[in-house]
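> Structure for the following, please:
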Amino acid sequence: MDNEKNIDIVKFVGNRTDFLRTQCNYSTRDFAKKAGIAHSALCKILQGTTVPNICTLHSICKALNITLSDFFFGSE
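Numbering: from 1, shown residues only. From the prediction side, this is the model:
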């Protein structure tokens, strides 16, 4: 996978996480706590500077009460 596609994925995951988080009215601190991840890690995800591993992404989805499929293919 080339670097441009990697950047697109990182941005997508950050934007999607932020969109779904705000739809649930969570602050970043509250959401990080609910997902069981460090606030600093969540901020890096939301800023699009890092992509979470599958376990972290699963925790994010669980906190949002959605599936991984919903995260990537949902219409919200």
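
> Just the pLDDT at the most centrally placed residue in the chain, thanks.
Nearest residue to the geometric centre of the chain (C-alpha atoms, centre = their mean): residue 17, 3.4 Å. pLDDT for residue 17: 97.

> right, and the helix or strand after the longest helix seen in the chain?
For the chain, the longest helix by residue count, based on DSSP state H, is helix 3-23. From helix 3-23 onward toward the C-terminus, using DSSP states H and E, the following helix or strand is helix 28-35.

> follow-up on the earlier one: would you mind measuring from the residue nearest to the centre of the chain to residue 41?
With distances taken as C-beta to C-beta, to the nearest Å, residue 17 is found 11 Å from residue 41. All C-beta spots, glycine's among them, are computed from the backbone N, C-alpha and C.

> repeat for residue 22
18 Å.

> Which elements pack onto the longest helix of the chain?
helix 39-47, helix 54-64, helix 68-73 (3 or more C-beta pairs under 8 Å, 6 or more residues apart in numbering; DSSP states H and E).

> Could you check how many residues crowd around residue 43?
15 (other C-beta atoms under 10 Å).

> Let's see the longest helix of the chain as PDB, backbone CA atoms only.
C-alpha atoms of helix 3-23 as PDB (Å, rounded to 0.1, in the frame of the first residue of the first chain):
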ATOM      1  CA  ASN A   3       1.900   6.300   1.400                       C
ATOM      2  CA  GLU A   4      -1.000   8.300   0.000                       C
ATOM      3  CA  LYS A   5      -3.400   5.500   0.700                       C
ATOM      4  CA  ASN A   6      -2.100   5.100   4.200                       C
ATOM      5  CA  ILE A   7      -2.600   8.800   4.800                       C
ATOM      6  CA  ASP A   8      -6.200   8.500   3.500                       C
ATOM      7  CA  ILE A   9      -6.900   5.600   5.900                       C
ATOM      8  CA  VAL A  10      -5.500   7.500   8.900                       C
ATOM      9  CA  LYS A  11      -7.600  10.600   8.100                       C
ATOM     10  CA  PHE A  12     -10.700   8.500   7.500                       C
ATOM     11  CA  VAL A  13     -10.400   6.700  10.800                       C
ATOM     12  CA  GLY A  14      -9.800  10.000  12.700                       C
ATOM     13  CA  ASN A  15     -12.700  11.800  11.000                       C
ATOM     14  CA  ARG A  16     -15.100   8.900  11.400                       C
ATOM     15  CA  THR A  17     -14.200   8.500  15.100                       C
ATOM     16  CA  ASP A  18     -14.600  12.200  15.700                       C
ATOM     17  CA  PHE A  19     -17.900  12.300  13.900                       C
ATOM     18  CA  LEU A  20     -19.400   9.300  15.700                       C
ATOM     19  CA  ARG A  21     -18.000  10.600  19.100                       C
ATOM     20  CA  THR A  22     -19.700  14.000  18.600                       C
ATOM     21  CA  GLN A  23     -22.900  12.300  17.500                       C
END
